[in-house]
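> Provide a 3D model corresponding to the input given below.
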Amino acid sequence: MIQAQATAAQFACTRVSLPRLKALHDSVEEAWRLPADGGWDKKAAAHAAFFTVLAEAADDAVIAAVLVSGGELAYDLMMMAGRAAHGIVINSRLRFLRRLDAGDPEGAARTLEEHLRILHFMCRLAGRQRSERRRGTR
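Below you'll find the model as predicted:
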């Protein structure tokens with residue numbers, strides 16, 4: 001699933017127009033500006049909306065569907081990882097945009113893939129910690 005997101009993102013990045021690039025920047029800005037005390041679910045949803053904006057840039061129904069599912073995956077991973085993922089998500093999005101601004105769709109796609117893998121790893125750690133607390137081994 002993560003590799004499919006990276007492949008779809010690379011395709012979308014090769015087709016992104018200036019208005020769509022601005023929309024991606026605006027999406028990151030919007031998520032960043034949400035108040036920290038407003039609920040992690042709202043911030044995670046705003047971060048996940050980035051995938052929808054990227055899907056619109058693809059201008060391809062199949063690629064868009066993959067990226068929209070990536071938004072759902074990212075949301076689920078962010079919710080499992082918890083609020084600690086916020087800084088990682090913002091920094092990843094900014095790296096993605098810097099690479100895209102520099103005309104490096106492959107680099108942007110790698111950044112997205114790394115980001116999803118890190119979130120997945122954070123979820124595994126969070127799950128392990130919850131399990132240890134339930135068993136009283138922590």
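
> contact partners of stretch 90-102?
The contact list for stretch 90-102 (C-beta atoms under 8 Å, 6 or more residues apart in numbering) reads 13, 16, 21, 24-25, 28, 31-32, 47, 50, 105, 107-108, 111-112, 114-115, 118. (Each C-beta comes from the backbone N, C-alpha and C, glycine too.)

> try 10 Å this time
9, 12-13, 16, 21, 24-25, 27-29, 31-32, 43, 47, 50, 54, 57, 85, 104-112, 114-116, 118-119 (C-beta atoms under 10 Å, 6 or more residues apart in numbering).

> Ok, stretch 51-70 next?
Applying C-beta under 10 Å, 6+ apart, the external contacts of stretch 51-70 come out as 1-2, 4-17, 19-28, 30, 48, 50, 71-75, 96, 100, 108, 112, 116.

> Name the helix or strand of this structure that has the lowest mean pLDDT.
helix 105-135 (a mean of 83; mean pLDDT, DSSP states H and E).

> Can you spell out which helices and strands pack onto that one?
Applying 3 or more C-beta pairs under 10 Å, 6 or more residues apart in numbering; DSSP states H and E, we find helix 105-135 packed against helix 2-15, helix 40-58, helix 61-81, helix 86-101.

> possible to save those helices as CSV with distance to residue 127, mean neighbour count and mean pLDDT?
Formatted as CSV, the helices and strands packed on helix 105-135 follow (distance: least, C-beta to C-beta, whole Å; neighbours: other C-beta atoms under 10 Å; pLDDT from 0 to 100):
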stretch, distance to residue 127, mean neighbour count, mean pLDDT
helix 2-15, 17, 20, 95
helix 40-58, 17, 21, 93
helix 61-81, 7, 19, 95
helix 86-101, 17, 17, 94
